[in-house]
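[1] Here's a sequence, model it:
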Amino acid sequence: MDRPEPAAALAALLALMARLRDPEGGCPWDRAQDFRTIAPYTIEEAYEVRDAIERDDAPKLREELGDLLFQVVFHARMAEERGWFDFADVAAGIHEKLVRRHPHVFGAGAPRAEEPQLPQASSGGLARHESGTPLNEAEQSLQWDEIKARERTASGASDRSTLADVPLGLPALLRASKLGRRAARVGFDWQRPEEVRAKVLEELGELDAALAASGGVADAHGVEEFGDVLFALVNWSRHLGIDAEEALRRASDKFERRFRRMERLAGERGLAPAALGAEAWDALWREAKASD
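    Model (predicted):
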């Protein structure tokens, strides 16, 4: 079977989406959706892409990328129906943005024949140092952030904060890390990892005090102090060069692996997990940990 041409395959998908949303002969469920009802599915599909990557499952990754692309097509179709923009506008917009944000790639030299004329690198975003040395990865990342900040200013956005555009919908650990990095960009940060560790201990002390004051019950103040502990831990991980989201993911995977091992051991010995006491669980945990 011949592989489909990208343009033809995309055109067919866009036509399918239009058919599903058709007021007369479309799908009742698809017609009933709006941006807010579809948003949870969009997030879910992104996580399923991540899951396929973690499992090194190429066929599943292909399928999940298709599901995620369909979400983009769905949102673009609903926007087109409102007269806001269409899929072509979305694709053109991201193309233009990526060119603009990669002056170290597109800032010098003639464009390729199939590409539009590209903007030249400005004094605020050069591809190389004055010595001619290419920017390293960290410098390119800083350049990206500087370009985004200039774009916000040029667009007339009302929110000029250093923390602007950090999405509320990000996973909490990832959002905390991004907020910390943004604040550090203007100098609001600890200098050494040891200082952040001390902050973690300080926040733990405040949590202990809040719990003691409430008789060991996590009231609203206790929840707030617990959040402060987590936020401090995320900043500590940032200073240590650790991705907190990935570290917690690995810890969760390890816990699941060991717990499943305990369940197998219990089953092999005719033990009902729900009937096990703390001492038996501890013994199984140590055994599962030793074999991990």
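[2] Tell me which stretches of the chain form helices.
    6-20, 28-32, 35-54, 58-81, 87-100, 103-106, 137-154, 172-185, 193-213, 220-239, 244-268, 278-291 (DSSP state H).
[3] Mind putting those helices into a markdown table with distance to Ala164, mean neighbour count and mean pLDDT?
    From N, CA and C alone the C-beta is placed, and that goes for glycine too. Output for the helices of the chain, formatted as a markdown table (distance: least, Cβ to Cβ, whole Å; neighbours: other Cβ atoms under 10 Å; pLDDT from 0 to 100):
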| stretch | distance to Ala164 | mean neighbour count | mean pLDDT |
| --- | --- | --- | --- |
| helix 6-20 | 32 | 13 | 96 |
| helix 28-32 | 34 | 10 | 93 |
| helix 35-54 | 21 | 14 | 90 |
| helix 58-81 | 22 | 16 | 96 |
| helix 87-100 | 16 | 14 | 93 |
| helix 103-106 | 22 | 18 | 81 |
| helix 137-154 | 6 | 14 | 67 |
| helix 172-185 | 9 | 18 | 90 |
| helix 193-213 | 24 | 15 | 97 |
| helix 220-239 | 19 | 18 | 96 |
| helix 244-268 | 22 | 14 | 94 |
| helix 278-291 | 45 | 13 | 95 |
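[4] Can you lay out these as JSON lines showing distance to Leu163?
    Below are these laid out as JSON lines (distance: least, Cβ to Cβ, whole Å):
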{"stretch": "helix 6-20", "distance to Leu163": "35"}
{"stretch": "helix 28-32", "distance to Leu163": "36"}
{"stretch": "helix 35-54", "distance to Leu163": "22"}
{"stretch": "helix 58-81", "distance to Leu163": "25"}
{"stretch": "helix 87-100", "distance to Leu163": "21"}
{"stretch": "helix 103-106", "distance to Leu163": "25"}
{"stretch": "helix 137-154", "distance to Leu163": "11"}
{"stretch": "helix 172-185", "distance to Leu163": "5"}
{"stretch": "helix 193-213", "distance to Leu163": "19"}
{"stretch": "helix 220-239", "distance to Leu163": "14"}
{"stretch": "helix 244-268", "distance to Leu163": "18"}
{"stretch": "helix 278-291", "distance to Leu163": "41"}
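[5] Looking at those, which is nearest to Val166?
    helix 172-185 (5.0 Å; Cβ to Cβ).
[6] That closest one packs against which elements?
    helix 220-239, helix 244-268 (3 or more Cβ pairs under 8 Å, 6 or more residues apart in numbering; DSSP states H and E).
[7] Redo those as JSON lines? Include distance to Leu65.
    Shown next, in JSON lines, are the helices and strands packed on helix 172-185 (distance: least, Cβ to Cβ, whole Å):
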{"stretch": "helix 220-239", "distance to Leu65": "29"}
{"stretch": "helix 244-268", "distance to Leu65": "20"}
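[8] Figure out which of those is closest to Val49.
    helix 244-268 (14.5 Å).
[9] what's the closest of the helices and strands packed on helix 172-185 to Leu211?
    helix 220-239 (5.5 Å).
[10] Counting by contacts, list what that closest one packs against.
    helix 172-185, helix 193-213, helix 244-268.
[11] Please produce TSV containing those helices, extended by distance to Pro4.
    TSV is the format used below for the helices and strands packed on helix 220-239 (distance: least, Cβ to Cβ, whole Å):
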stretch	distance to Pro4
helix 172-185	35
helix 193-213	51
helix 244-268	35
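[12] which one of the ones you listed lies closest to Ala52?
    helix 244-268 (14.6 Å).
[13] quick check: angle from the closest one to helix 220-239?
    110 degrees (axes from the mean of the first three to the mean of the last three Cα atoms, to 10 degrees).
[14] For helix 244-268, which helices and strands make contact with it?
    helix 172-185, helix 220-239, helix 278-291.
[15] Using TSV, lay out those together with distance to Glu146.
    Putting the helices and strands packed on helix 244-268 into TSV (distance: least, Cβ to Cβ, whole Å) gives the following:
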stretch	distance to Glu146
helix 172-185	9
helix 220-239	19
helix 278-291	47
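[16] For Gln33, which of the ones you listed is the nearest?
    Here helix 172-185 is closest among those (Cβ to Cβ), at 26.4 Å.
[17] Would you mind writing the CA trace of the closest one as PDB?
    Output in PDB follows, covering the C-alpha atoms of helix 172-185 (Å, rounded to 0.1, in the frame of the first residue of the first chain):
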ATOM      1  CA  ALA A 172       1.500  21.400  39.400                       C
ATOM      2  CA  LEU A 173       5.200  20.300  39.600                       C
ATOM      3  CA  LEU A 174       5.900  21.500  36.100                       C
ATOM      4  CA  ARG A 175       4.200  24.900  36.700                       C
ATOM      5  CA  ALA A 176       6.100  25.400  40.000                       C
ATOM      6  CA  SER A 177       9.400  24.800  38.200                       C
ATOM      7  CA  LYS A 178       8.500  27.200  35.400                       C
ATOM      8  CA  LEU A 179       7.500  29.900  37.900                       C
ATOM      9  CA  GLY A 180      10.800  29.400  39.700                       C
ATOM     10  CA  ARG A 181      12.900  29.600  36.500                       C
ATOM     11  CA  ARG A 182      11.000  32.800  35.400                       C
ATOM     12  CA  ALA A 183      11.600  34.500  38.700                       C
ATOM     13  CA  ALA A 184      15.300  33.500  38.600                       C
ATOM     14  CA  ARG A 185      15.600  35.200  35.300                       C
END
